[in-house]
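1. Provided below for reference: sequence and predicted model.
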Amino acid sequence: MTAYFAWLQNSQASAWVRAESPWLWPLCETLHFIGLALLLGIAGLMDFRLMGFLRSIPLRAITGFRNWAVGAFGLNLATGLVFFTGSTNQYVVNPYWWAKVGFLMLAGANAIAFETIIRRSSSETFTTGDTPAVYKCIGALSLVAWLGVLICGRLLPFVGGTD
Amino acid sequence: MAFLEWLQSLPFSVWVSESDTVWGYPAILTLHTIGFGVLVGANTVVNLRLLGVGRDVPLSSLRPLFRPMWVGLTINAMTGATLFAAAATEKGTQTVFYVKLTLIAFALAVLLRIRRIVLNPDARPPGAGRGLAAASLVLWIGAITAGRLMAYLH
């Protein structure tokens, strides 16, 4: 792993990101923030609905927003990889970056769990109204995970680095 | 300029900009990001719905989203004012900062009109609000871009 990080930091791609940084870095940051709002908005809507709020929204109808959330996640993964490629050695020594990755994995595992559960449930169930306890847990866990991603991501340039 | 210098020299402003703890500038900036995500995220969900995404979600069922939007706005007005005070002479002389504030003002004006449609969808023809939703997305993307550029254009 350490060897891979060193290789990436010394790669041409990494040098390119740093050399292009007068415009590439701010552009990717802007896209990263646009993706953040989109992802937090849709994930937050899903999570609160799963927790039993917003009961007049048919639970299944929210899946109509799913592709936009996936698109926003793809945008933030791509721009995040640009940051990581450009400054690998700064991120891998930062515990807040590792915490962010951990929260991302929690959010991902949680989303997969939810998709599995909702596929198994019959189509008549949970259109509007209250949700079962397992949905509430999944929603709360997801909300905590995404907030963890945001907080760690925003704090990591200020704390935990080697600068 | 004298006002900006006075604002920046207040003990609280100095603490925000110079405190070594995470509870100063980094925490306030993080709160600003959360408030932004809540306000713009919820607004974006409503915009997408008005533009035809998630059609099975009744427009009226999105009414409860406006309260968190106002909470996000309040958080960001307060944290934004604090972040401004901590670097008043720098931000107060940046053109792009005033561009950001102007775009936010327009985005909020559009949001109030969108709110009228969501609160009373039956009074409008189907498809009403598409233009407002598109304008809202453009204005928020502009505000985000201007906000990001504040860190780069000095």
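-> Here it is on my side, so go on. Numbering: from 1, shown residues only, chains lettered A, B, ... in the order given.

2. Let me know the helix or strand that whatever residue of chain B ends up closest to chain A is in.
-> Residue nearest to chain A within chain B (CB to the nearest CB): B:G41, separated by 2.6 Å. (Glycine included, C-beta is placed from N, CA and C.) B:G41 belongs to helix B:25-50 when elements are defined using DSSP states H and E.

3. just how off-centre is that helix within its chain?
-> Offset of helix B:25-50 from its chain centre (CA atoms, centre = their mean, to the nearest Å): 7 Å.

4. Which elements pack onto it?
-> Judged by 3 or more CB pairs under 8 Å, 6 or more residues apart in numbering or on different chains; DSSP states H and E, helix B:25-50 is in contact with helix A:21-50, helix A:133-155, helix B:11-18, helix B:66-86, helix B:95-119, helix B:130-149.

5. Go ahead and confirm the residue of chain B closest to chain A touches A:L38.
-> Yes. Contact criterion CB atoms under 8 Å: B:G41 and A:L38 qualify, at 6.9 Å.

6. okay, which residue is most central for the chain?
-> In the absence of a named chain, chain A is used. The residue lying closest to the centre of chain A (CA atoms, centre = their mean) is A:L104, at 5.4 Å.

7. sorry, should have said chain B
-> Among the residues of chain B, the one closest to the centroid is B:F36, at 5.3 Å (CA atoms, centre = their mean).

8. for stretch B:36-44, what is the average pLDDT?
-> Taken as a whole, stretch B:36-44 has a mean pLDDT of 98.

9. Now it: buried residues?
-> Neighbour counts over stretch B:36-44 (16 or more other CB atoms under 10 Å in any protein chain shown) mark B:36-44 as buried.

10. Export those residues to a markdown table and append columns for distance to A:L8.
-> Supplementary listing: the buried residues of stretch B:36-44 in a markdown table, determined by distance: CB to CB, whole Å:
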| residue | distance to A:L8 |
| --- | --- |
| B:F36 | 31 |
| B:G37 | 29 |
| B:V38 | 34 |
| B:L39 | 36 |
| B:V40 | 32 |
| B:G41 | 32 |
| B:A42 | 37 |
| B:N43 | 37 |
| B:T44 | 33 |
